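Novice: I need the structure of the sequence given here:
(2 chains)
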Amino acid sequence: KAGVTQTPRYLIKTRGQQVTLSCSPISGHRSVSWYQQTPGQGLQFLFEYFSETQRNKGNFPGRFSGRQFSNSRSEMNVSTLELGDSALYLCASSSQGWVNTEAFFGQGTRLTVV
Amino acid sequence: DQQVKQNSPSLSVQEGRISILNCDYTNSMFDYFLWYKKYPAEGPTFLISISSIKDKNEDGRFTVFLNKSAKHLSLHIVPSQPGDSAVYFCAASAVGYGGSQGNLIFGKGTKLSVKP
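Specialist: Numbering: from 1, shown residues only, chains lettered A, B, ... in the order given. As a prediction, the model looks like this:
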C-alpha cells in the first residue's frame, strides 16, 4: 500500500512569490490535513479537507489556502510569500479524519523563502 | 499561549534503560492524546494514543500514562533501543467537543537519544 506522497520535496522561492504544494493521500483515505513545522513553533495545524470540503482551519492568514480534489489529492497554496513562511510543510491522511484513527504523514515539503 | 508543552527539548538515555518523555497540557477540554515519533527527513509516525477515560495504555515497549488532575501525560519506553532515537511529539485533541484530525494541538517535541 503506497504511503502519503508529497511533492516537491524541496522548494526555494523568492519573497512575494506564490507556491503550490501537493499531497496524495493513501488510497481510500478521504481526510487530508496540512501542518507547518518550524523550529520555534513546532507542528501547527493549517487546515483539514474531507471529501473536497474544508472541515477545519487553523489560525493562519488568508495567504494560506488549500483545496481537495475528487480523488482526495490535496493542494496547498501560499501567496505573497514571506521569509517567515520558510518551514517544513507536512500533510497527513486518514480514512475518516477522526483523531482516534491513525493519521499517516508524508515526508513533507521543505520550503525556503529567500 | 501554548496549550501542549514538552518542557524537555532533549533527553539522553542508555540503551536498555527506561526513557520517560513528559507532556503537560492546559486545556481541560482535551480528551484524547497521541504520541508521534519523527526521524529526520521523514514525516511523523503515530506511536500510541490514550483517551481521557483511561489512565494507562500499553503497546509493546511503549506505555502512555495520563494524569488528568495534573494535566500531565508521559510516554515510557522500556527497554530503550538505539533505533528509538528520534523526536517525539505529544498531541492533544478535544474529540468530545467536535474534534477531528484537524484539531490536533502538538507540543514542540523532545529529541530522544539512546546511546549504545
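
Novice: what about A:E102, which helix or strand?
Specialist: Assigned by DSSP states H and E, A:E102 falls within no helix or strand.

Novice: can you get me a residue count around it?
Specialist: A count of nearby residues for A:E102, using other C-beta atoms under 10 Å in any protein chain shown, gives 13. Just so you know, the C-beta spots here come from the backbone N, C-alpha and C atoms, and that holds for glycine as well.

Novice: give the contact list for it.
Specialist: A:94, B:46 (C-beta atoms under 8 Å, 6 or more residues apart in numbering or on different chains).

Novice: any weak-confidence spans in chain A?
Specialist: For chain A, the stretches flagged by pLDDT under 70 are A:1, A:97-101.

Novice: which stretches in it count as strands?
Specialist: Under the criterion DSSP state E, chain A contains strands at A:5-7, A:10-13, A:19-24, A:31-38, A:42-50, A:53-57, A:64-68, A:74-78, A:87-94, A:104-105, A:109-113.

Novice: cool, and chain B?
Specialist: Using DSSP E, strands in chain B cover B:4-5, B:10-14, B:19-25, B:32-38, B:45-51, B:56-59, B:62-67, B:72-77, B:86-93, B:105-106, B:110-115.

Novice: wait, which of these is closest to A:F64?
Specialist: strand B:105-106 (17.3 Å; C-beta to C-beta).

Novice: mean confidence for the closest one?
Specialist: In this model, strand B:105-106 has an average pLDDT of 88.

Novice: which helices and strands does it pack with?
Specialist: strand A:42-50, strand B:86-93 (3 or more C-beta pairs under 8 Å, 6 or more residues apart in numbering or on different chains; DSSP states H and E).

Novice: the shortest one near chain A at all?
Specialist: Yes - applying C-beta under 8 Å from any C-beta of the partner chain, one finds strand B:86-93 touching chain A at B:89, B:91, B:93.

Novice: what's the burial count for B:F46?
Specialist: Counted with other C-beta under 10 Å, B:F46 comes out at 17.

Novice: okay, now the unreliable bits of chain B?
Specialist: B:1, B:95-103.

Novice: run the last query once more with 80
Specialist: B:1, B:41, B:94-103 (pLDDT under 80).

Novice: grab the nearest non-local neighbour of the residue minimising distance to the centre of chain A.
Specialist: Central residue of chain A (C-alpha atoms, centre = their mean): A:W34, 3.2 Å from the mean position. Among residues not flanking A:W34 along the chain, A:L46 sits closest, at 4.1 Å (C-beta to C-beta, 6 or more residues apart in numbering or on different chains).

Novice: returning to what we had before: could the helices and strands packed on strand B:105-106 go into JSON lines alongside mean neighbour count and distance to A:N77?
Specialist: Listed next are the helices and strands packed on strand B:105-106 as JSON lines, based on neighbours: other C-beta atoms under 10 Å in any protein chain shown; distance: least, C-beta to C-beta, whole Å:
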{"stretch": "strand A:42-50", "mean neighbour count": "23", "distance to A:N77": "11"}
{"stretch": "strand B:86-93", "mean neighbour count": "24", "distance to A:N77": "25"}
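
Novice: nearest to B:V64, of those strands?
Specialist: strand B:86-93 (9.3 Å).
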